[in-house]
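# Predicted model and sequence follow; I will ask about them next.
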Amino acid sequence: MAIVTVFSGSYCHGDEISQKVSEQLGYDSVEEKLLEITADKYGLTKEKLLKSIKGQATLFNTFTHQREKNIARLKLTLAEVTVQNNMLLHGYTGHLLPRTISHVLRTCIIGNFDFRIKQAAKEKSISEKDAEKIIHKDDAERLEWTSYLENKPPYDETLYDLLIPVHTVSIDDAVESICKYASGEQVCPTPRSLKAAEDFIKAAEVELALMEEGHKVDVFSEGEHIVMTIEKDVLRMKQYQNDLREIAMSLEGIKTIDFKQSSKFQASSLNPWVNIEVPPKILLVDDEKDFVQTLSERLRTRNLESSVVYDGEQALEFVKKDAPDVMVLDLMMPGINGIEVLRKVKAEHPNVEVIILTGHGSKQEEETAEDYGAFAYLRKPVNIDILTRVMNEAYQKINRSRPKADNNQGNKNSG
């Protein structure tokens, strides 16, 4: 029989429907078991795994890739139980199953917004206004997950075989529909589909081995043949492929490896600062000391030296004595917050280009920052290549606005 996955919006009777389907089909509901097995195997907690799924990564995730590692670990655990069939996944993990496994009934349970608000208000004995806030937060978590995996919204019908609108369908009718389709010929296991489930294990093993070494690469397996899809440009691509091949070939059961380029592949400049004769003066402002020091080190690997201060008052004192060209500024800091620092810096030193880098910003703060003259507004965690590109663009803007004599003089001094 088929594997059933159920992904539901909050306050859509997802738990009740899944439980009844599991009982009626005689299926084992394995979502919680997957989390427990993965947590035990890799020395994690279920809470940490759930945070990875929901996108609640730490500020250091850009450097540690802990979220990606945890998801790769969960995927391997899922792959190892997928060969069992006759199971139900209610939650997020069903989206990790590859489409090559055709004996999967992918189900989405969702109700319209009014239905969900009323349901939440009733269940939690709260106002509809408070219920609306809860649902928005829940949907944001689901959007983070499906965007990360599929680049699609969570309730996009193309992600599922069966979409059940519970504002018009009863719980019993929903259960009946899922059980009916789960028993249909279209999702019956075939030799090819069962082989795809076995190949999923090998692909997940390779993917995790690569991720443990800091390489996020999509992997497809067909028997002893592996195909790796690379989504980004890197220096010395041939050497990079050889490194990936060496990691994969250290695993058993792999004979051949091919590489292909993702449709999302974007080649980057080898060095965005190559045409800059005078290096920019950079100031990093953030009260998270470990984060900002690590960021400074990462910039140094790109030949960008930076000064670091840890609060708004220090930033204003620094700018008063030696105004930087580019400032990377956090918003949430003790004492003088980032918005006030931005306002004062742009008022007194309009040529300083300020890039906001925050983990707690809002749309209103983004608009305020734009009004005060921020060059860009980025959210943590940020890809270091994106940050350096934006910094380069800010510095190019500064150079264009400088008189030619100033630029020439700067070039002479640099020699």
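The structure has been received and is ready for your questions. Numbers count the residues shown, from 1 in each chain.
# Relative to residue 351, how far out is residue 309?
Distance of residue 309 to residue 351, computed by C-beta to C-beta, to the nearest Å: 19 Å. The way it works is simple: take the backbone N, C-alpha and C, and place the C-beta from them, glycine included.
# who has more neighbours, the two?
In terms of neighbours (other C-beta atoms under 10 Å), residue 309 is the more surrounded of residue 309 and residue 351; the figures are 19 against 11.
# My understanding was that residue 2 contacts residue 188; is that so?
Yes: with contact defined as C-beta atoms under 8 Å, residue 2 reaches residue 188; the gap is 6.9 Å.
# Now do the shared contacts for those two.
In terms of C-beta atoms under 8 Å, 6 or more residues apart in numbering, residue 2 and residue 188 are both contacted by the residues residue 103.
# where are the low-confidence patches of the stretch 51-200 of the chain?
56-64 (pLDDT under 70).
# List the contacts of residue 297.
Taking C-beta under 8 Å, 6+ apart, we find residue 297 in contact with no residue.
# Now the helix or strand containing it - C-alpha only, CSV.
Per DSSP states H and E: residue 297 is located in helix 289-300. C-alpha atoms of helix 289-300 as CSV (Å, rounded to 0.1, in the frame of the first residue of the first chain):
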residue,chain,number,x,y,z
LYS,A,289,30.3,40.0,19.7
ASP,A,290,30.9,36.4,18.5
PHE,A,291,28.8,37.1,15.4
VAL,A,292,30.4,40.3,14.4
GLN,A,293,33.9,39.1,15.0
THR,A,294,33.2,36.0,12.8
LEU,A,295,31.8,38.3,10.2
SER,A,296,34.9,40.4,10.2
GLU,A,297,37.0,37.2,9.8
ARG,A,298,34.9,36.2,6.8
LEU,A,299,35.3,39.6,5.2
ARG,A,300,39.1,39.3,5.7
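# and the next element down the chain from that helix?
Remark: after helix 289-300, the chain's next helix or strand is strand 306-309, criterion DSSP H and E.
# What residues of that following strand count as buried?
Neighbour-count burial for strand 306-309 flags 306, 308, 309 (criterion: 16 or more other C-beta atoms under 10 Å).
# Next, the closest residue to the second one other than its chain neighbours: secondary structure please.
In this structure, residue 308 finds its nearest non-sequential neighbour in residue 284, 4.9 Å apart by C-beta to C-beta, 6 or more residues apart in numbering. Following DSSP: H, G, I helix; E, B strand; the rest coil, residue 284 is assigned to strand.
# Check the one 3 residues further on too.
Judged by three-state DSSP, the three-state class of residue 287 is coil.
# same check, this time on residue 364
Relying on three-state DSSP, one would call residue 364 helix.
# any idea how far it lies from residue 206?
Going from residue 364 to residue 206 by C-beta to C-beta gives 45 Å.
# coming back round to it: figure out how far the helix holding residue 297 is from the centre of its chain.
Mean C-alpha position of helix 289-300 versus that of the full chain (C-alpha atoms, centre = their mean, to the nearest Å) differs by 21 Å.
# what's the offset of stretch 340-356 from the middle of its chain?
30 Å.
# Mind listing residues that contact that stretch?
Contacts of stretch 340-356 (C-beta under 8 Å, 6+ apart): 285, 312, 315-316, 319-320, 323-331, 338, 366, 369, 372-378, 387, 390-391, 394-395, 397-398, 401.
# tell me the phi and psi of residue 232?
Note on residue 232: its backbone torsions stand at phi -130, psi 160 [degrees, to the nearest 10].
# so how far is residue 218 from it?
According to C-beta to C-beta, residue 232 and residue 218 sit 12 Å apart.
# picking up where we left off before, pick out whichever of residue 364 and residue 206 has more residues nearby.
Applying other C-beta under 10 Å to residue 364 and residue 206 shows that residue 206 carries more neighbours, namely 27 against 8.
# buried residues in the strand or helix carrying the more buried one?
Secondary structure assigned from DSSP H and E places residue 206 in helix 191-212. Buried residues in helix 191-212, counted by 16+ other C-beta under 10 Å: 193-194, 196-197, 199-211.
# neighbouring strands for the helix or strand following that helix, and are they parallel or not?
Sequence-wise, the next helix or strand downstream of helix 191-212 (DSSP H and E) is strand 218-222. Sheet partners assigned to strand 218-222 using DSSP bridges are listed as strand 225-232 (antiparallel).
# who does the next helix or strand after the strand it pairs with touch, helix- and strand-wise?
As assigned by DSSP H and E, the chain's next helix or strand after strand 225-232 is helix 237-249. Where contact means 3 or more C-beta pairs under 8 Å, 6 or more residues apart in numbering; DSSP states H and E, helix 237-249 is packed against helix 191-212, strand 225-232, strand 256-266.
# One more pass at 6 Å, please.
The contact analysis (3 or more C-beta pairs under 6 Å, 6 or more residues apart in numbering; DSSP states H and E) places helix 237-249 against helix 191-212, strand 256-266.
# Now tabulate these in a markdown table and tack on distance to residue 248.
Converted to a markdown table, the helices and strands packed on helix 237-249 look like this (distance: least, C-beta to C-beta, whole Å):
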| stretch | distance to residue 248 |
| --- | --- |
| helix 191-212 | 5 |
| strand 256-266 | 6 |
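# Figure out which of the ones you listed is closest to residue 38.
Residue 38 lies closest to helix 191-212 among these, at 10.9 Å (C-beta to C-beta).
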